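Enquirer: the sequence and its predicted three-dimensional model are supplied below.
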Amino acid sequence: YKHLNDIIRMDHFYICILDPKGENLDIQFRVGTENRPLKEIKYLPMEKTLAGRVLEQGMPLLLDKQEMVELQWDVKQFGPVPERWLGIPLASRQKVIGVLIAYSDNNPDSFQEEEFQVLTSVSGQVGFAIDRRQILDRLSAREEKYRRLVETTTAGYWQTDADDITIDVNPALCNLLGYSRDEIIGRRPAEFLDPSSEPAYRAENASRKTQKDRQYELVFVRKSNRLLHANIESTSVFDDQGRFTGTFALVTDITDRVKVQKELAAEKDRAQEASTVLRTILEKLQSGVVLIDSKTHVIEQVNQTAAQMFGRPAEEIIGNVCHDYLCPKLEGSCPVTDLNKSVDNAERFMLNSKREKIPILKTVSRVVVRGREYLLESFVDISERKQAEEKLLSETQRANEMAKAAQEASKAKSQFLANMSHEIRTPLNGVIGMAELLMESRLAEDQKNLVQTIERAALIFDILSQYPNGISLGELARDANLPKGTVHRLLSSMAY
C-alpha cells in the first residue's frame, strides 16, 4: 500500500475476502481517513453492495460521484459519496476470492487509465498472494491436525524411508512394542518381526513401489518377548517426479481378536466333530429319527432308518409336510402342537410311501435349535412284535380250547368209569362171595390158587373204583386211607 500510494493517491484502500459461506465480504485490510463509518464495519454484505456486484460480475467497476448518486437507491453505500470509486475483483486460479476497493474523497481525476492498469495488475498479485496464504494456512492446519491425530491415536504409526529405515513413530506404536522411540528410530521393521512373518513382510515390501495401498497381518515380538498380532494398513509415498520415498503405516493390535478366532475355530472344529459323531450315531440307530418344524410341520431332517421305513430316499422326504404324508393325522389335528398331548413311548401308526400303516412305538419331544422350535420324533417298527403278539394270542386261545376239550374228555371218562364200576360191582360182589365160600371148603391146592386169584382181582377193582380219574403207584403208596399192606398185596398179585 505504501508503494502504491506513492504512485497513486488513494484516500481509502480496502481488501475484502469472500467468507466460506459466500454471504459476506470480510474486510481483511483497510487504510483511510478517520471520518469514514466504514472503519467500524468488519464485513460488507454481498447483497445490494458495490463490492458484491464486482465479485458477482467478476469485472472491475469504476464510478464517479454522479454515478454513485444515481445508484444510491439501488445499492447500500456507507458514508459521504466519494469523487471516484474503484472496485477490482481479486482472482486466483480462475476463481474470484474477493474485491480490492479504492476511492478518493476529493480528486475527481483519480484512477485514470494508467493508474487503473496498475491497480488491476496489483489485484492479480494480491489475489495470488492471498490464495497462497490461505493454502499455506490450510496446509499448516491440516499438518497440525494430522500430527495431533498421529500423536493421540490408539493405532501405532510407523513411517519408513525408501530404504525401509524407520524415521518416525508415535507413542502408541512404542506402547505396542514396548520399546522407546529412540530404540525404534533408525531400525528396520523386520528387526522386530517374529520369524513366522518374515516371508510375508518380504512379499509386501516387494510390492510397495507398485501398489500404493496395502493391508496385511504380521506378528511382532515385543520387548517382553510376548507376541503381538497386528493388522497393517500401509501406504506408499511418492514425490512429484513419481519416485518412491517411503511408506507410512497404521498398526492395530489384533492379538485378542486372533486369540478369539483361534478359540472359535477350535470350538467350531469340536462342534463339527460332535456333529459328525451325532450324525453317525443317528444313521446307525435302529430307531427312526425325524426333525420337524413345529410351526410349519415341514420335515427338515430324517435318518437312514426312518427313510428305509418310509420307503424313499431322505432327500425325497425332506421338505414335505408331515400331515397325511408321514403321519396319518390330518392338518390341524396334530396330537402335540394342536391337541397339546404328550407322546411318550406310545403305540402309533406311520404311513409309508405305499400309504400302508406301520405300527410303531413313538416318542415326540420339543427341542429348540438355533432359536427355532422343532419336534424331534423317534420311533421303532413293532410290526414283528405285533405279529408275535397276535400269534401268541392265537396259540393261547387254541391251548385254552384244547384244555377245555381235555377237561371235558376227562369228565366223560370219569363218568364212564363210574357208570361201569356201578354196573360191574353188583355181579362182582356175587363172584367174590362165592370165592369166599369156596375158600372155606376143601379144595385142592391148584383150586385154592385159582380162588385166591379171583379175590386179588376183586381187590384191584375195588381200589381202582375209588379213583375214577386214575392214580399212579407212588400216589397210591402214599394214600393214608388204604389199609397197611394193600399196595404190597396189589403188587404181588400183579407180579403173579
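Expert: Received the coordinates, thanks. Numbers count the residues shown, from 1 in each chain.
Enquirer: just to check, residue 211 is in contact with residue 236?
Expert: Yes - using C-beta atoms under 8 Å, residue 211 is in contact with residue 236, at 7.3 Å. For the C-beta atoms, the positions are set from N, CA and C on the backbone; glycine is no exception.
Enquirer: of the two, who's got more company?
Expert: When neighbours are counted by other C-beta atoms under 10 Å, residue 211 and residue 236 differ, and residue 236 comes out ahead with 19 against 11.
Enquirer: what is the longest helix along the chain packed up against?
Expert: Using DSSP state H, we find that the single longest helix of the chain is helix 383-440. Helices and strands touching helix 383-440, as assessed by 3 or more C-beta pairs under 8 Å, 6 or more residues apart in numbering; DSSP states H and E, comprise strand 357-369, helix 445-464.
Enquirer: next, the angle from that helix to strand 357-369.
Expert: Taking axes from the mean of the first three to the mean of the last three C-alpha atoms, to 10 degrees, helix 383-440 and strand 357-369 form an angle of 130 degrees between their directions.
Enquirer: Three-state assignment for residue 348, please.
Expert: Classification of residue 348 by DSSP: H, G, I helix; E, B strand; the rest coil places it in strand.
Enquirer: that one and residue 381, how far apart?
Expert: Between residue 348 and residue 381 the computed distance is 12 Å (C-beta to C-beta, to the nearest Å).
Enquirer: what touches both of the two?
Expert: For the pair residue 348 and residue 381, residues contacting each of them under the criterion C-beta atoms under 8 Å, 6 or more residues apart in numbering are 359-360.
Enquirer: would you map the strands across the stretch 201-350 of the chain?
Expert: Using DSSP state E, counting those that start in this stretch, the strands of the stretch 201-350 of the chain run over residues 213-221, 227-238, 244-253, 288-293, 299-302, 346-351.
Enquirer: what residues does the longest one touch?
Expert: It refers to strand 227-238. Contacting residues not belonging to strand 227-238 are listed as 156, 176-177, 194, 204, 208-209, 211-222, 244-255, 257-258 [C-beta under 8 Å, 6+ apart].
Enquirer: tell me the contacts of the closest residue to residue 282 other than its chain neighbours?
Expert: Computed as C-beta to C-beta, 6 or more residues apart in numbering, the closest residue to residue 282 that is not its neighbour in sequence is residue 303, at 4.4 Å. With contacts taken as C-beta under 8 Å, 6+ apart, residue 303 has the following neighbours: 282-283, 285, 288-290, 314.
Enquirer: turn those residues into CSV, columns for pLDDT.
Expert: Compiled in CSV, the contacts of residue 303 are given as follows (pLDDT from 0 to 100):
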residue, pLDDT
282, 72
283, 74
285, 75
288, 85
289, 87
290, 87
314, 85
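Enquirer: just the residues you listed now: which is nearest residue 390?
Expert: In terms of C-beta to C-beta, no member of these lies closer to residue 390 than residue 288, at 22.6 Å.
Enquirer: quick one: contacts for the spatially most central residue of the chain?
Expert: The geometric centre of the chain, computed from its C-alpha atoms, lies nearest to residue 370 (C-alpha atoms, centre = their mean), at 7.6 Å. For residue 370, no contacting residues are found, by C-beta under 8 Å, 6+ apart.
Enquirer: my read: residue 204 touches residue 214, true?
Expert: Yes - distance between residue 204 and residue 214: 6.0 Å, which falls inside the contact criterion (C-beta under 8 Å).
Enquirer: more neighbours, those two?
Expert: Counting neighbours by other C-beta under 10 Å for residue 204 and for residue 214 shows that residue 204 has the greater number, 19 against 16.
Enquirer: give me the nearest residue to that one, chain neighbours excluded.
Expert: Nearest residue to residue 204 in three dimensions, chain neighbours excluded: residue 216, at 5.5 Å (C-beta to C-beta, 6+ apart).
Enquirer: could you measure from the residue lying closest to residue 83 once chain neighbours are set aside over to residue 102?
Expert: Nearest-residue entry for residue 83: residue 108, 4.5 Å, with adjacent residues in sequence omitted and distances by C-beta to C-beta, 6+ apart. Distance of residue 108 to residue 102, computed by C-beta to C-beta: 14 Å.
Enquirer: also residue 183?
Expert: In this view, residue 183 and residue 102 are 62 Å apart by C-beta to C-beta.
Enquirer: if we can go back for a sec, among the helices and strands packed on helix 383-440, which is nearest residue 404?
Expert: Among the helices and strands packed on helix 383-440, helix 445-464 comes nearest to residue 404, with 26.7 Å by C-beta to C-beta.
Enquirer: now for the closest residue to residue 286 other than its chain neighbours: which residues touch it?
Expert: Leaving aside its sequence neighbours, residue 286 sits nearest to residue 305 (C-beta to C-beta, 6+ apart; 6.2 Å). Under the criterion of C-beta under 8 Å, 6+ apart, the contact partners of residue 305 comprise 283, 285-289.
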